[in-house]
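1. got a predicted structure here, sequence first:
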Amino acid sequence: MAVVEMGRQWQTVVGVLVLGALVLVLLQRQQHNKAVIKALKDRLELQQVQKQTNKNSQHVEVKRSVPDGFIPLSIDACEKGLDAIVTLCYIDYTEYHAAPHKYPMQRMLVEKYCTRKNSIQLKVSDIIADDQFFLDPAGLVFHESRVGSTLTANLLAVDEQNLVHSEASMPASIAMHCSLPRSEKVGLLRQMMRAMSNSQAHSRMFFKLQSVNALYIDLYTEAFPNTPWIYLFRNPVEVMMSHLSRGKSMSAPCLRRMQSKKYSNFLREYGLSTFTMKPEMQCASYISSLSKAALDEINKEGSNGVAVNYQVLVRSLRGRIFPNHFGYSPSPDVVFQQEEEQKEYAKSKGHDRVFVADGKKKRSAASKEVLSASKSLADDIFNKLVKVAMDFISEPPKKGPKLPTRRAVASPVKHTSAERSRRNIANLIDLKRSKGSGKEHHPWDDPWYFDPNGKEPYYKPEESLEGNYLPYPPLRPLKEILDEWSPDDMNTPDDPLMLNGSLEVLDFQDEKQRLRAKELRLNEVPFKLLNVPFIDDTVNKWKDDSFLQKHYGDTPLRVTHASTNHFKYFHKIKAQHLPYYSPPTKTVHMTFDEFMSTAHAAEHASLQSDHWYLQLRTKGTSEWIYEDLKEWRPQFNFWFGDPTANQGIDCRFGARGISASNHYDGGRNFIAMLRGKKRYIIAPPTECPNMHLFPQSHPEARHSMGDWANLDYKQYPNYLKVKAINVVLSAGEVLYLPSYWFHHIISTTLSIQCNCRSGMALRGRKLTNKCDSL
């Protein structure tokens with residue numbers, strides 16, 4: 001019995017234990033289920049949060065001031081600070097990444113992609129509101145010119161993650177020409193360069209700057225103190241030979257006018273003047289000033305700059321600069337692409353050209369003058385750079401800096417989609433309209449022009465107006481103009497039709513008329529301006545010979561001489577290859593007093609007697625001209641379409657009767673008459689096919705054949721089809737002569753005229769290119 005009782009007790013205990021175990025299992029399962037349910041709830045809540053976040057982010061994306069992919073290209077009137085207008089464009093970088101050597105400069109991408117529908121305008125304040133979306137540059141490339149900088153940019157650009165700006169105009173425009181206090185200029189430079197990273201399809205951004213930017217490295221490093229940069233240099237003799245291969249003219253990059261305090265200080269240190277230097281010395285001074293400026297910045301304590309020798313360029317880039325200085329390590333696929341790109345000529349622009357080393361050839365071809373100039377000015381700085389570059393390579397490799405990067409995202413639609421551009425611009429228009437300032441203003445003050453239905457914007461600058469330009473002024477038959485007033489007659493008729501033709505004459509100090517002038521300039525339509533204060537002040541100063549004389553003293557000046565009153569520009573290099581060509585003019589040297597004596601004597605001389613013509617440019621002893629014509633210093637203002645393309649002010653002193661034969665120039669041109677009168681017979685580019693131009697191979701290309709004072713219409717029958725405008729420009733008046741407009745000029749009295757040019761427009765370019773090729 002006891003055993004049976006004990007068995008029952010064990011059964012009870014086991015039952016309790018089993019029951020307890022079952023209860024425990026049930027409790028654990030219940031807790032697990034609760035945990036699972038909680039996790040599911042948490043996940044659902046997270047998904048809802050993420051969906052809401054995505055909605056919010058999409059909402060923010062839509063309301064961004066700058067749509068993704070629109071890159072700032074230029075800034076108008078940067079002295080306005082936050083109110084300055086910036087032009088942006090949507091560029092498709094696909095082809096550039098595939099073959100950078102086909103588009104080695106950003107301007108080529110701009111020409112290809114920046115149409116009216118792909119371009120917008122915004123204020124600086126709107127752009128910097130999106131600063132959170134932008135990146136600092138991962139690296140900056142400065143250079144001496146002709147040293148492999150384009151190859152460096154191309155090697156970076158084959159990586160689709162890298163957004164590479166090769167010689168973009170925006171940074172240089174701000175650094176060189178923006179008349180803001182230094183701190184504001186640095187801030188604007190930083191904001192706009194960061195805004196140029198506005199492409200979510202790219203992870204990193206690099207800049208290869210124009211060579212002249214080496215003189216402004218301190219501005220860039222102040223804007224981006226943590227960004228690594230390099231300076232590429234080369235044997236100065238090789239660089240000089242590359243520059244001077246174009247001939248000893250202003251077309252050689254190293255002979256172009258420089259407006260930099262550092263360059264002026266460099267010349268002062270060596271006791272040099274651009275006015276008296278020979279081309280070889282001027283070229284050497286330009287190259288050396290860039291290298292000295294870079295060397296000074298590299299030697300500063302805490303500098304992020306490194307010198308790179310062209311002789312070991314690719315090895316340095318791949319072995320040290322990319323991984324250890326820029327902190328950029330390309331993938332094996334990208335390395336393979338870089339090796340293929342390296343074989344191409346960096347600036348082939350789509351032509352089948354391969355790279356061929358030419359350093360030895362350049363050194364052996366160097367003249368004694370080039371070798372002497374290099375030894376005097378460039379060799380010492382070059383040797384110092386070699387040492388600095390070698391010291392960097394010799395140091396143990398360091399871990400590269402952390403790149404300013406972001407995760408690249410694929411573009412939602414193809415870059416070439418016009419629909420996407422219209423949609424992005426429409427978003428901006430909605431934003432603009434929603435602000436609703438209610439302030440009445442002129443349409444050309446807005447970032448956009450709108451059509452009558454308000455459906456589509458018209459982008460403001462001239463380049464967007466193709467096909468929608470304002471019409472040219474009414475024209476008259478050229479034969480009528482010449483018959484009524486012979487170019488050999490110096491007496492100005494009292495006839496408004498001859499004085500102003502059909503041009504609009506506008507008062508610069510009247511705001512509405514000044515805005516009208518701006519609109520005409522954007523449309524490349526000629527006009528006359530009156531009542532320009534700084535021009536009127538200069539007229540009063542320059543009417544006295546003694547005021548001008550004090551700037552020159554006994555300095556010999558280059559003066560152009562002709563045995564008659566007819567003057568023609570001719571290309572000296574082309575003339576050398578034409579054995580039977582006789583140049584129409586020659587160069588002599590005179591003091592300013594001697595020249596003015598001949599000019600005054602010509603008032604009563606025969607037109608068939610000797611005549612002299614003086615041209616001064618704002619460099620060397622003529623830099624003082626900027627003191628009187630301050631508004632014509634390169635800057636963003638009314639007078640400049642593109643200040644970065646300005647080559648200085650040209651002032652021309654002409655005796656009575658001097659005639660410059662009919663021709664066209666590419667640059668937008670403001671012409672101010674400061675003394676006397678000149679007659680202009682002008683015609684639009686549409687008249688080009690009938691202008692009887694010399695062929696492009698001729699030294700007088702761009703000029704018309706025949707003597708307009710005595711035209712033989714049987715020999716030149718197409719002149720009977722030409723239509724033109726006659727204009728007389730008197731002291732105090734300013735003429736805007738658009739790009740590619742023909743002009744025949746006659747000095748009806750002793751005259752002084754100054755020009756301010758600023759880049760080439762699009763209107764008329766195709767017409768003149770086409771008839772030039774006939």
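-> Thanks, I have it.
2. burial count for residue 621?
-> Using other C-beta atoms under 10 Å, residue 621 is surrounded by 16 other residues. (Glycine included, C-beta is placed from N, CA and C.)
3. right, I mislabeled it, should have said residue 376
-> 16.
4. pLDDT score for it?
-> On the pLDDT scale, residue 376 is placed at 93.
5. contact partners for the residue nearest the centre of the chain?
-> By C-alpha atoms, centre = their mean, the mean C-alpha position of the chain lies nearest to residue 169, the distance being 3.6 Å. By C-beta atoms under 8 Å, 6 or more residues apart in numbering, the contact set of residue 169 is 73-74, 106-107, 642, 644.
6. same check, this time on residue 185
-> Contacts of residue 185 (C-beta under 8 Å, 6+ apart): 174-175, 178, 219.
7. ok, residue 733 next?
-> 528-530, 672-673 are the contacts of residue 733 under C-beta under 8 Å, 6+ apart.
8. out of these, which comes closest to residue 294?
-> Nearest to residue 294 out of those is residue 672 (C-beta to C-beta; 37.9 Å).
9. can you list the strands that the helix or strand hosting the closest one pairs with?
-> Assigned by DSSP states H and E, residue 672 belongs to strand 667-675. Paired neighbours of strand 667-675 in the sheet (DSSP bridges): strand 734-737 (antiparallel), strand 751-760 (antiparallel).
10. state the next helix or strand along the chain beyond the first one.
-> What it means is strand 734-737. That would be, after strand 734-737 and using DSSP H and E, strand 742-747.
11. name the helices or strands packed onto that following strand?
-> When contacts are defined as 3 or more C-beta pairs under 8 Å, 6 or more residues apart in numbering; DSSP states H and E, strand 742-747 packs onto strand 659-664, strand 677-683.
12. so which bits of stretch 267-286 are buried?
-> Of the residues in stretch 267-286, 267, 272, 274-275, 277, 279-286 count as buried by neighbour count, 16 or more other C-beta atoms under 10 Å.
13. so where do the strands sit in the stretch 151-300 of the chain?
-> Along the stretch 151-300 of the chain, counting by DSSP state E, counting those that start in this stretch, strands occupy 162-166, 204-208, 229-233.
14. of all the ones you listed, which lies closest to residue 196?
-> Evaluated with C-beta to C-beta, the strands of the stretch 151-300 of the chain place strand 162-166 nearest to residue 196, the distance being 6.0 Å.
15. which other helices and strands contact the closest one?
-> helix 149-157, strand 204-208.
16. contact partners of the shortest one?
-> In other words, strand 204-208. 135-141, 143, 149-150, 152-153, 156, 161-168, 171, 193, 196-197, 326, 328, 403-405.
17. one more: stretch 370-388?
-> Contacts of stretch 370-388 (C-beta under 8 Å, 6+ apart): 231, 233, 235-237, 240-241, 244, 270, 278, 280-281, 283-285, 287-288, 291-292, 294-295, 298-299, 307, 309, 366.
18. run the last query once more with 6 Å
-> Contacting residues not belonging to stretch 370-388 are listed as 233, 236-237, 240, 280-281, 284-285, 287-288, 291-292, 295, 298, 307 [C-beta atoms under 6 Å, 6 or more residues apart in numbering].
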